[in-house]
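J.: give me coordinates for this.
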Amino acid sequence: MAYSDIYDGWKSDPEGFWMQAADKIDWDSRPSRAYFDQGPVGEWFADGMVNTCWNAVDRHVEAGRGDQLAIIHDSPITHSARGITFRELQSRVASLAGALRAKGIEKGDRVIIYMPMIPEALEAMLACARLGAIHSVVFGGFAAHELAVRIDDAQPKAIIAASCGLEPGRVIHYKPLLDAAIDEARHKPDFCVIFQREQEVAGLTPGRDVAWHEFQHGVAPADCVPVEGNHPAYVLYTSGTTGQPKGVIRHTAGHLVALNWTMRNIYGVDAGDVFWAASDVGWVVGHSYICYGPLIAGATTIVFEGKPVGTPDAGTFWRVIQDHGVKSFFTAPTAIRAVKREDPKGELIRDYDLSSLQAVFLAGERADPDTIQWLEDQLHLPVIDHWWQTETGWAIAANPFGVEKLPIKKGSPSVAMPGYDVQVLDEAGHPVEPGTLGAIAIRLPLPPGTLPSLWNAEDRFRRAYLDHFPGYYETGDAGYVDEDGYLYIMARTDDVINVAGHRLSTGAMEEVLSGHPAVAECAVIGVADSLKGQMPLGFLCLKKGVETPDDQVMREVVARVRDQIGPVAAFKLACVVDRLPKTRSGKILRATMVKIADGEDFRTPATIDDPAILDEIRTALKGIGYPKA
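T.: Numbering: from 1, shown residues only. Just a heads-up that it's a prediction; the model follows:
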């Protein structure tokens with residue numbers, strides 16, 4: 001079937017579409033229907049009984065694929081790689097689940113997981129799912145205060161952590177951060193399970209902490225516990241504008257059905273294929289496409305402990321793809337830009353055999369056309385941008401590679417996926433004409449696998465997502481749809497700037513800047529201006545080996561914006577920086593940069609990868625007279 005047939009089929013019969021998709025997973029008790037009109041935005045498969053761990057692990061062993069690799073751990077930092085079969089994974093997860101059960105963990109209990117990129121992180125997630133416990137993964141190495149905030153909100157009965165994480169050239173000591181977080185938190189867990197890594201053995205707190213292996217010794221393994229379709233599988237915290245993180249809930253059955261559908265239809269991956277999402281289990285990509293999606297589909301997933309550059313060089317992605325026969329590769333545009341900056345001619349790519357690779361998928365930050373073009377030129381393969389959010393858990397818009405490879409329009413994540421009725425609205429909530437910039441919203445109900453609410457915060461959920469445009473979920477992103485139905489995400493709503501009454505997209509300006517041959521990466525923000533309200537300001541990171549003087553590059557990008565967008569953009573300010581402040585998942589912290597430029601007080605975001613970059617941004621801004629006195 002063609003994409004249009006599938007999308008139209010969903011639109012004409014959403015109930016039938018999702019019940020058919022639900023037949024592809026194993027149920028203990030099949031749901032009576034797909035959609036239940038209950039809760040703030042409805043719920044999916046609510047009266048079915050099902051278990052995520054069974055569908056991700058046990059059923060593949062039962063189907064005779066127990067000897068297939070389920071997980072490959074590749075760590076260029078420790079110079080090691082190892083595989084775990086589905087049968088081994090089943091044994092390991094059942095053992096950990098049995099130990100958790102013996103210590104009192106039951107269906108509905110919360111467990112915080114604070115782990116690096118090691119297979120044991122996935123095993124901890126799956127062990128919770130096996131029991132019907134609700135896990136909340138916190139990015140390993142997150143600051144103690146931020147971990148404490150999450151402990152108080154989730155109120156976990158247990159915390160599973162590692163002794164340390166590893167970065168190039170250094171060890172991140174997790175245990176002191178965990179201890180400090182527990183000291184600060186009002187809520188105290190009953191116990192902590194510590195996985196001791198050979199790079200650092202942490203001291204255990206008597207009476208509270210237990211070592212991973214000793215914890216499981218002599219305990220009977222646990223079977224899978226069926227749970228209701230609307231039972232929370234996990235809570236994942238995403239940054240909130242108030243500084244208080246939002247706990248996104250994921251219901252069990254919708255999560256299973258949606259992710260299983262995406263693996264074949266979006267990524268073109270079937271049982272036995274090797275799929276790699278180069279992210280972290282602390283982020284939604286890690287939940288959906290390192291842990292659950294590939295395993296539910298019976299594919300092999302890669303857990304990668306490294307960086308796109310520096311472990312040891314900009315060829316590490318291509319080495320992993322060659323060594324493990326990766327079929328579909330998923331990463332962030334910012335990672336590709338880092339590779340491109342270090343290896344602008346793609347010379348390292350040609351050192352590896354990438355014949356297994358069918359496509360590269362990008363998400364997490366807007367994929368500028370120049371980056372996509374560069375990667376296409378190097379790989380001679382489809383490079384597919386797609387767009388989704390922590391809240392949705394899977395792609396809102398994508399090019400459905402496993403169904404039909406639609407024409408790629410660079411700068412667009414292509415078209416809406418089944419389940420998503422995407423509209424572009426003006427401030428009054430009215431649909432706008434094709435090509436007109438507006439707020440992107442999704443007509444309710446949302447599809448399976450998306451958030452039904454926020455943890456302990458239904459009122460906040462309504463205020464944040466539902467109240468502004470009644471009948472819609474507000475994405476917080478701005479963009480437009482063209483005449484062919486292709487969606488263009490141009491900025492967060494907050495990043496659409498108003499220059500002398502003209503609403504302008506920072507994403508459109510970034511697209512122009514990134515097309516300059518010397519520019520590896522860039523960001524545009526709007527800074528306060530007494531005359532025009534706001535003025536655009538560009539930050540440029542240049543490619544390695546560029547000999548063009550900085551001031552010449554800045555003059556040339558100003559001219560490019562004037563030529564390609566027009567004088568209305570009033571783009572006159574730019575500065576060259578070594579790097580941009582980003583979250584650990586690769587998103588550029590534009591709002592923080594705006595506050596520095598405007599001289600406002602700000603709180604260093606908990607998700608920032610390296611706080612020292614903010615001092616570099618402050619210095620660069622001073623060099624061009626910001627903040628103004």
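J.: now do the same contact list for Ser114.
T.: Careful, residue 114 is Tyr; it's not Ser. The contact partners of Tyr114, by C-beta atoms under 8 Å, 6 or more residues apart in numbering, come to Val137, Val138, Gly140, Phe142, Leu147, Ile159, Ile160, Ala161, Ala162, Tyr174, Leu178. Glycine gets a C-beta too; all of them are placed from N, C-alpha and C.
J.: now do 10 Å
T.: 121, 124, 136-142, 147, 150-151, 159-162, 165, 174-175, 177-178, 181, 192, 194, 282 (C-beta atoms under 10 Å, 6 or more residues apart in numbering).
J.: ok, Asp190 next?
T.: Lys103, Gly104, Ile105, Asp109, Pro156, Lys157, Ala158, Ile159, Arg208.
J.: buried among the contacts of Tyr114? Make that a PyMOL selection.
T.: Filtering the contacts of Tyr114 down to the buried ones (16 or more other C-beta atoms under 10 Å) takes a single PyMOL command:
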select buried, resi 121+124+136+137+138+139+140+141+142+147+150+151+159+160+161+162+165+174+175+177+178+181+192+194+282
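J.: does Met253 count as helix, strand or coil?
T.: For the record, residue 253 is Ala, not Met. Assigned with DSSP: H, G, I helix; E, B strand; the rest coil, Ala253 falls in the helix class.
J.: spatially nearest residue to it, not counting backbone neighbours?
T.: Gly229 (3.2 Å; C-beta to C-beta, 6 or more residues apart in numbering).
J.: so where's the chain shaky on pLDDT?
T.: Within the chain, the set of residues satisfying pLDDT under 70 comprises 239-243, 494, 501, 503, 629.
J.: related to what we said a few turns ago, show me which pair in the contacts of Asp190 is furthest apart.
T.: Greatest spatial distance among those (C-beta to C-beta): Asp109 and Arg208, at 16.6 Å.
J.: who has more neighbours, the two?
T.: In terms of neighbours (other C-beta atoms under 10 Å), Asp109 is the more surrounded of Asp109 and Arg208; the figures are 19 against 14.
J.: list the contacts for that one?
T.: If you count contacts by C-beta under 10 Å, 6+ apart, then Asp109 has Leu100, Cys128, Leu131, Gly132, Ala133, Ile134, His135, Gln155, Pro156, Lys157, Ala158, Asp190 around it.
J.: for those, which one is nearest Ala338?
T.: For the contacts of Asp109, the nearest to Ala338 is His135 (30.2 Å; C-beta to C-beta).
J.: please, where are all the helices along the stretch 51-200 of the chain?
T.: Taking DSSP state H, counting those that start in this stretch, the helices of the stretch 51-200 of the chain run over residues 52-53, 59-62, 86-102, 119-131, 144-154, 174-184.
J.: okay if I get the ones you listed as TSV plus distance to Ala591?
T.: TSV is the format used below for these (distance: least, C-beta to C-beta, whole Å):
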stretch	distance to Ala591
helix 52-53	35
helix 59-62	43
helix 86-102	39
helix 119-131	30
helix 144-154	18
helix 174-184	26
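J.: of those, which approaches Gly479 most closely?
T.: helix 144-154 (30.4 Å).
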